[in-house]
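Sequence isn't available, so here's the structure alone:
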């Protein structure tokens, strides 16, 4: 029963963290639709985005609706090329994104939601661990930055390898808090559980945003159903 009381705040916190991590302030994205000269969408086109300053190339493939998205791009000028076996290669340049021409500004979840939601849900999580499991307020609060850091690591691992090292990351929290408080077992077990739940849910929710977007659901449209499921 006590564990179920903890799940709600932890799951919602993971949701806010995942949307916050999905929108890094120092990176951008290129989103578009590939069409042939008649205006029909082109599926399966290979899209390359080359940074003209660093020559770093990022790749994507258009889906059945011709839609492609390349995220996590460093600011700069990009040269785009689209290849499909039935057509000649098309190359164009993409100017650096600004607030005025950012194609994602109307579809992403506003970043302020994470700035407000993460602290509020963090305090609620600390209050639950103190009230129901006897973890001191001080130790509950100081475990939160470590949990957030490990969540970032887990989310990046999901993005780069499609693997979430939840077990290993939760042990870091468990051993760290256990070294600080060797009397109350809940001091290391509960933060370890929170690390596992928040990190895994944030990584999984973040990985759901892109497929959902590729299917036509904007991040803002995905946020409401996710919150409804977590209630």
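That came through fine. Bear in mind the structure is a predicted one, so any value in this text is a computation, not a measurement.

Going by C-alpha atoms from here, please, whenever you check contacts or count neighbours.
OK.

Could you verify that residue 65 is part of a helix?
No. Residue 65: not assigned to a helix; according to DSSP: H, G, I helix; E, B strand; the rest coil it is coil.

From residue 159, how far off is it?
Applying Cα to Cα, to the nearest Å, the value for residue 65 to residue 159 is 24 Å.

Name the residues of the strand or helix carrying residue 204 that are buried.
In this structure, residue 204 sits in helix 186-214 according to DSSP states H and E. Neighbour counts over helix 186-214 (16 or more other Cα atoms under 10 Å) mark 186-207, 209-210, 213-214 as buried.

Just list what that helix packs against, helices and strands only.
With contacts taken as 3 or more Cα pairs under 8 Å, 6 or more residues apart in numbering; DSSP states H and E, helix 186-214 sits against helix 2-21, strand 67-73, helix 111-133, helix 137-161, helix 166-180, helix 219-230.

Give the partner strands of the host helix or strand of residue 50 in its sheet and their orientations.
Assigned by DSSP H and E, residue 50 falls within strand 46-51. Using DSSP bridges, strand 46-51 pairs in its sheet with strand 57-61 (antiparallel), strand 78-84 (antiparallel).

quick one: which of the ones you listed is nearest residue 35?
Among the strands paired with strand 46-51, the nearest to residue 35 by Cα to Cα is strand 78-84 (10.2 Å).

Any buried residues in that closest one, and which?
Buried, per 16+ other Cα under 10 Å, within strand 78-84: 78, 79, 80, 81, 82, 83.

Those into a markdown table, with extra columns for pLDDT?
As requested, the buried residues of strand 78-84 are exported to a markdown table (pLDDT from 0 to 100):
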| residue | pLDDT |
| --- | --- |
| 78 | 84 |
| 79 | 84 |
| 80 | 82 |
| 81 | 82 |
| 82 | 80 |
| 83 | 80 |
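
would you list those residues in TSV and tack on distance to residue 141?
Listed next are these as TSV, based on distance: Cα to Cα, whole Å:
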residue	distance to residue 141
78	43
79	46
80	46
81	49
82	50
83	52
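
Distance check, residue 143 against residue 132.
Look at residue 143 and residue 132: by Cα to Cα, they are 17 Å apart.

So for these two, which residue has more residues nearby?
residue 143 (21 against 13; other Cα atoms under 10 Å).
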